[in-house]
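Enquirer: this one's structure only:
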């Protein structure tokens, strides 16, 4: 069974640019979660999508947004990139019911210069 | 306040020893407490989890101890091996259907051969 896949694996962007990160959940999983893992800050909750709807949002500015497609894959968009957005962005998925933890992907390493 | 405090930040253990990582929380509205293991370049992987109605859960060499009254939980790794060297995160799920996990800041474990 394929795990959670994320693309790209690495990305370098310039301050002020926009970026789109992609995530494919495990087959059969309908919920997708996005987390930011910045150095020294642990994992910070960004967004939760389920059945195509945004269900919950973390304490991040509106320039962080995303969506979930009918096939349950998801995109995370970050506009007007700032240097402090440099981090590992992790996507996770879980079944819609019988929740028992997430399965994380390997992440996208974003560097803003 | 939704916060999980994890200690120590780093831990060095000899092969065969016991590794102990502690976490504490203040918000009583948590209903699920997982531990994740993360190797460099990989996303966190669910290691073991416990619900607050259970005081201890053991899976192989890994044991979670949970003290509801003290709002503390800990991970014990028995017979620690060099392959256990990784960063460990405790987390707590906010109850009420938010599906949000609040993570500790991580403990970097090094097991010396």
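Expert: That came in fine, so what should we check first? These numbers come from a predicted model, not from an experiment. Numbers count the residues shown, from 1 in each chain, chains lettered A, B, ... in the order given.

Enquirer: residues of chain A that sit close to chain B?
Expert: Residues of chain A lying near chain B by CB under 8 Å from any CB of the partner chain: A:4, A:31, A:33, A:40-45, A:48, A:50, A:55-56, A:58, A:90, A:92, A:94, A:99-107. Yep, even glycine has a C-beta here, placed from its N, CA and C like the rest.

Enquirer: just the buried residues of those residues.
Expert: Buried by 16 or more other CB atoms under 10 Å in any protein chain shown: A:4, A:31, A:33, A:42-45, A:48, A:50, A:55-56, A:58, A:90, A:92, A:94, A:101-107, out of those.

Enquirer: report the closest residue of chain B relative to chain A.
Expert: In chain B, no residue comes nearer to chain A than residue B:43, which is 3.4 Å away by CB to the nearest CB.

Enquirer: what sits against that residue?
Expert: By CB atoms under 8 Å, 6 or more residues apart in numbering or on different chains, the contact set of residue B:43 is A:4, A:90, A:92, A:104, A:105, A:106, A:107.

Enquirer: and residue A:48, by the same measure?
Expert: Contact analysis of residue A:48 by CB under 8 Å, 6+ apart lists A:31, A:32, A:33, A:34, A:54, A:55, A:56, A:57, B:98, B:99, B:100.

Enquirer: helix or strand for it, just tell me which one.
Expert: Per DSSP states H and E: residue A:48 is located in strand A:42-50.

Enquirer: mean confidence for that strand?
Expert: For strand A:42-50, mean pLDDT is 93.

Enquirer: and that strand, how far out from the chain middle?
Expert: Relative to the mean C-alpha coordinate of its chain, strand A:42-50 is positioned 7 Å out (CA atoms, centre = their mean, to the nearest Å).

Enquirer: following it, which helix or strand comes up?
Expert: Tracing the chain C-terminally past strand A:42-50 and defining elements by DSSP H and E, one meets strand A:53-57 next.

Enquirer: residue A:27 belongs to a helix, doesn't it?
Expert: No - according to DSSP: H, G, I helix; E, B strand; the rest coil, residue A:27 belongs to no helix; its state is coil.

Enquirer: wait, isn't it in contact with residue A:2?
Expert: Yes - with contact defined as CB atoms under 8 Å, residue A:27 reaches residue A:2; the gap is 6.9 Å.

Enquirer: pretty sure residue A:47 contacts residue A:64?
Expert: Yes - contact criterion CB under 8 Å: residue A:47 and residue A:64 qualify, at 7.4 Å.

Enquirer: coming back round to it: just name the closest of the contacts of residue B:43 to residue B:94, please.
Expert: Nearest to residue B:94 among those is residue A:92, at 15.2 Å by CB to CB.

Enquirer: what sits against the closest residue to residue A:67 other than its chain neighbours?
Expert: Leaving aside its chain neighbours, residue A:67 sits nearest to residue A:75 (5.7 Å; criterion: CB to CB, 6 or more residues apart in numbering or on different chains). Listed by CB under 8 Å, 6+ apart, the contact partners of residue A:75 are A:20, A:21, A:22, A:23, A:66, A:67, A:69.

Enquirer: is residue A:75 in a helix, a strand, or coil?
Expert: Residue A:75 carries the three-state label strand when classified by three-state DSSP.

Enquirer: what's the answer for residue B:11, then?
Expert: For residue B:11, the assignment made with three-state DSSP gives strand.
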